[in-house]
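Student: here is a sequence with its predicted model. Questions after.
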Protein chains: 2
Amino acid sequence: MSEHNKTGQVMAVIRRQIAARALTPGMKLPSVRLQARLSDVSTSTIVEAYARLAAENVITSRPGAGFFVAGSIAPLDLTHMTPVKERDIDPLWISRQALDAEDGKLKPGCGWLPSDWMYEEGMRRALRKMAREPASTLADYATSANSLPLRQLLVRRMANQDIKTQADQVMLTESGTQAIDLICRFLLQPGDTVLVDDPCYFNFHALLRAHRVNIVSVPYTANGPDLVAFAAVLQAHSPRLYITNSAIHNPTGAVLSPLVAHQVLKMAEEHDLIIVEDDIFADFEHRPAPRLAAFDGLSRVIAIGSFSKTVSAALRCGYIAARAEWVEALIDLKIATSFGGGRLAAEMLLQVLTDSGYRRHLEGLKLRLAQAMKNTHERLQQLGIRPWLMPPAGLFLWCQLPDSIDAVELARRCLRDDVVLAPGNIFSQSGSASTLMRFNVSQCSDERIYRSLQQALSDQLR
Amino acid sequence: MSEHNKTGQVMAVIRRQIAARALTPGMKLPSVRLQARLSDVSTSTIVEAYARLAAENVITSRPGAGFFVAGSIAPLDLTHMTPVKERDIDPLWISRQALDAEDGKLKPGCGWLPSDWMYEEGMRRALRKMAREPASTLADYATSANSLPLRQLLVRRMANQDIKTQADQVMLTESGTQAIDLICRFLLQPGDTVLVDDPCYFNFHALLRAHRVNIVSVPYTANGPDLVAFAAVLQAHSPRLYITNSAIHNPTGAVLSPLVAHQVLKMAEEHDLIIVEDDIFADFEHRPAPRLAAFDGLSRVIAIGSFSKTVSAALRCGYIAARAEWVEALIDLKIATSFGGGRLAAEMLLQVLTDSGYRRHLEGLKLRLAQAMKNTHERLQQLGIRPWLMPPAGLFLWCQLPDSIDAVELARRCLRDDVVLAPGNIFSQSGSASTLMRFNVSQCSDERIYRSLQQALSDQLR
């Protein structure tokens, strides 16, 4: 490489460190000699790089004192923390594409049901009921843990999954994501290491980046995390936390086996690893899969969830079930960072979940999903797109594209037809899912999706 | 001091550092020699302190390597970050007392209106209207910035306060507190310094502790922050952020003067300070007070607010108005940490705020508050409790207790009568408000409050 290119590279690295706040305004840069050693280039390359960054006002020189990061506060930049190869289509890109899609767009890449598949009638009934509630329900803050009857209902629901808990171990949050966020704030500090599945729900990556922690991952198999890799990662990286999906895994649709669950917990105990089990897809299950929280008895496992997938995403309410003393501290943290809980959302959710129609709604929903799964599977197969496994339930098909076609390229191409796809690598910490794609079967009925895919595939193969 | 006491003191400091996560599990403690120098005690005192902490399993000794913080993850402990003298009655204590008060309790210390003073009829109308909305309103996530019509309405409201902005500079959040929290996550990192008013809204302290930043404060005068102190603090501590209340200041009821606003902004520019202006009490004003955001044009000032004080606290919805590029980044951060926005809450709030009855509700509310302010003032004066100033509007009276009576002691005593008070030092970073008390005039109509105060005052004076 020429000296010129080396200078450019050193400059790029420093710019990235500033964007990611590894270097912050006012901070002293390493001396020329040390930086040269760190970057494995000559001191003259560093002198040149520093001089050019100073000319660009990225850094400033204070004679006799050295070089310092210039300017005012460099805001936390989530984009620049994304691996460069995925800069354009990253977890936040897909979230915003899906959330902000205009009415005409098709969203097989999104993570939720069409609105008319949701529990509309139950929501309408709950709204009408709320309109007749006392003023306190309509106007007051919730108590710090929020609705006791709803927490008691959650305790009974968890009992059906063999998770034994009680109301003082349960608190409500504004969403499932906020539940994980509070736990991360409680247990982690910048620079800690967190373990996720590969692949996993893409927003775990965005969330963990916002916590400035290191992310490590283990491959996910049809029965749960790969145990050999799990052991190796625990040994090598001592992660503090493992965040995973229970029941139906996102994006793979895999289900944890009791054997894997037991081994994971044994290793977690040995390495003092805490586990967050995100149970967001519980109500899609035909029968409850093994839960880490059930095996562990909520000792080192924290269960979280919400009803945004089966009741309403417009109503924000999630929950955390954990050791009582952790819940106490998490409530403090929730008050400090978002103050009072959503009383109206909790009361509405309680109403919806205890409505006799909800079970019927779920039964219908599961049949409809099974049918959509079958149809989508058939249509994709005609295009040579094959599922990695056939999930027992849920809304996702995690699929292998034909002929090693690049999923990001395919997603870019289909976006021109107003089709928003979810390419594999946004789910993959290791970047090993470049030829995989997640399809939401409930959003895959429109013929235009397959036409766009077919055209894009043939364009790329040409 | 005896060697024994010095050992105990060193141990206490290390325990506090661990609780506050200045020292974390696995971290190496300073060498005995260095620790002795840092603590200004003899090396034998440190040897003794380390040995005893090791015996308690707080730290561990690794022969040849030194002493290390023991144990597994030390959860973020908000309590232990509170100044020791206020350990019992701290910001989170008051929040939880007020939020979790049973129906029988009286809450002159809380920060909100009684539920039957809120906009109950508007809420009922909005709920009935929502019950007839399309499925998407009831079931879908909001767009990433949430409701455009509500953001446009907020733009028009701000225009009335001379704050010029546009819809792409405004995003919705789950609450006013979440708005500040997102901004802190965006702009701060642990160890940064943040400036607040002394006194200020107590939850600013709890929130900033959760961000692990240093808090510095300036005395608040009847016209805004003390300018001499403000200049000195900027010089000495280079805070990155200043968080303050606009309009009617909490807890003092003071109003910013144009002269002070101008000087504060000039100094902020010189020192590259960013300002968060919390406009939560806007709708209580009789006429708009000067806003830092108006003077600055949302360049370095970020305006935030919510409607939990005048519409409903059961409905969670706040907002941020800032530079468009900051809003873009804040939306990313919101998605990463709480995912989709509350569509139903935003739609309901839009409905309530555009309801022709809301203005009438506010007019009635302001009259009622003025009357309550007068009554409370008179009743407190009979007990020798005098306001620091008479606020032009709002719900708080910041009062001086007679005869240097300790506010915390008084609060403890009245709690036995089921009266929850807000003693001055929970609002004060410097701990200089020990004989002050904040009264919420809308919660001060019950005779039992004055009986309890009178008894407690005479108990303490005896």
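Tutor: Ah, there it is.

Student: restrict the lengthiest strand in chain A to CA atoms and write it as CSV.
Tutor: Assignment by DSSP state E gives strand A:214-221 as the longest strand of chain A. Taking Å, rounded to 0.1, in the frame of the first residue of the first chain, the C-alpha atoms of strand A:214-221 are listed here in CSV:
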residue,chain,number,x,y,z
ASN,A,214,-19.2,-5.6,22.8
ILE,A,215,-21.4,-8.1,21.1
VAL,A,216,-20.4,-11.7,20.6
SER,A,217,-22.6,-14.4,19.1
VAL,A,218,-23.0,-18.2,18.8
PRO,A,219,-24.6,-19.9,15.9
TYR,A,220,-28.3,-20.9,16.5
THR,A,221,-29.2,-24.5,15.6
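
Student: so what does the helix or strand that it is followed by touch, helix or strand wise?
Tutor: Remark: after strand A:214-221, the chain's next helix or strand is strand A:224-225, criterion DSSP states H and E. Secondary-structure packing of strand A:224-225 (3 or more Cβ pairs under 8 Å, 6 or more residues apart in numbering or on different chains; DSSP states H and E): helix A:258-270. In short, each C-beta sits where N, CA and C put it, glycine included.

Student: just how off-centre is the helix it packs on within its chain?
Tutor: How far helix A:258-270 lies from its chain's middle: 23 Å, per Cα atoms, centre = their mean, to the nearest Å.

Student: likewise stretch A:210-219?
Tutor: Stretch A:210-219 has its C-alpha centroid displaced from the chain centroid by 11 Å (Cα atoms, centre = their mean).

Student: repeat for stretch A:208-222
Tutor: 10 Å.

Student: below-threshold pLDDT in chain A: ranges please.
Tutor: Counting by pLDDT under 70, chain A shows low-confidence ranges at A:1-4, A:19-22, A:71-88.

Student: do a quick rundown of the strands in it.
Tutor: Using DSSP E, the strands of chain A run over A:59-62, A:66-69, A:170-173, A:193-198, A:214-221, A:224-225, A:241-245, A:274-278, A:301-306, A:318-321, A:386-387, A:396-400, A:422-423, A:436-440.

Student: which residues touch the fifth one?
Tutor: When contacts are taken as Cβ atoms under 8 Å, 6 or more residues apart in numbering or on different chains, the neighbours of strand A:214-221 outside the stretch itself are A:191-200, A:205, A:208-209, A:225-226, A:229-230, A:233, A:237, A:239, A:249, A:252, A:254, A:260, A:428-430, A:432.

Student: apply 6 Å and report the result again.
Tutor: A:193-198, A:208, A:225-226, A:229-230, A:233, A:237, A:252, A:429 (Cβ atoms under 6 Å, 6 or more residues apart in numbering or on different chains).

Student: let's have the strands of chain A in a markdown table, adding mean neighbour count.
Tutor: Formatted as a markdown table, the strands of chain A follow (neighbours: other Cβ atoms under 10 Å in any protein chain shown):
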| stretch | mean neighbour count |
| --- | --- |
| strand A:59-62 | 17 |
| strand A:66-69 | 19 |
| strand A:170-173 | 27 |
| strand A:193-198 | 24 |
| strand A:214-221 | 20 |
| strand A:224-225 | 27 |
| strand A:241-245 | 24 |
| strand A:274-278 | 24 |
| strand A:301-306 | 27 |
| strand A:318-321 | 27 |
| strand A:386-387 | 16 |
| strand A:396-400 | 23 |
| strand A:422-423 | 27 |
| strand A:436-440 | 26 |
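
Student: looking at these, which is nearest to B:Pro108?
Tutor: strand A:170-173 (27.3 Å; Cβ to Cβ).

Student: in the sheet, which strands lie alongside that closest one, parallel or antiparallel?
Tutor: strand A:318-321 (antiparallel) (DSSP bridges).

Student: with only the CA atoms kept, save the partner strand in PDB.
Tutor: The C-alpha trace of strand A:318-321 is given here as PDB (Å, rounded to 0.1, in the frame of the first residue of the first chain):
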ATOM      1  CA  GLY A 318     -44.400  -4.800  28.000                       C
ATOM      2  CA  TYR A 319     -43.300  -6.600  31.200                       C
ATOM      3  CA  ILE A 320     -40.300  -7.900  33.100                       C
ATOM      4  CA  ALA A 321     -40.300 -11.000  35.400                       C
END
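
Student: what residues does that strand touch?
Tutor: A:154, A:165, A:169-173, A:175-176, A:179, A:303-306.

Student: repeat that for stretch A:447-462.
Tutor: A:Leu106, A:Pro108, A:Arg379, A:Leu383, A:Ile405, A:Leu410, A:Arg413, A:Cys414, A:Asp417, A:Val419.

Student: quick check on the fourth one: phi, psi?
Tutor: Translated: A:Leu383. Main-chain dihedrals, A:Leu383, degrees, to the nearest 10: phi -90, psi 0.

Student: which residues touch it?
Tutor: A:Leu383 is in contact with A:Leu453, A:Gln454, counting by Cβ under 6 Å, 6+ apart.

Student: got the residues of the stretch 201-350 of chain A near chain B?
Tutor: Residues of the stretch 201-350 of chain A lying close to chain B (Cβ under 6 Å from any Cβ of the partner chain) are A:206-207, A:210, A:240, A:272, A:312-316, A:329, A:332-333, A:335-340, A:342-344.

Student: for chain B, what's the nearest residue on the stretch 351-462 of chain A?
Tutor: A:Val352 (10.6 Å; Cβ to the nearest Cβ).

Student: what is the burial count for that residue?
Tutor: 24 (other Cβ atoms under 10 Å in any protein chain shown).

Student: one more: A:Gly364?
Tutor: Residues near A:Gly364, counting by other Cβ under 10 Å, number 12.

Student: so how far is chain B from the most far-flung residue of chain A relative to its centre?
Tutor: When distances to the mean C-alpha position of chain A are computed (Cα atoms, centre = their mean), the maximum falls on A:Gly64, with 47.2 Å. Distance from A:Gly64 to chain B, counting by Cβ to the nearest Cβ, to the nearest Å: 21 Å.
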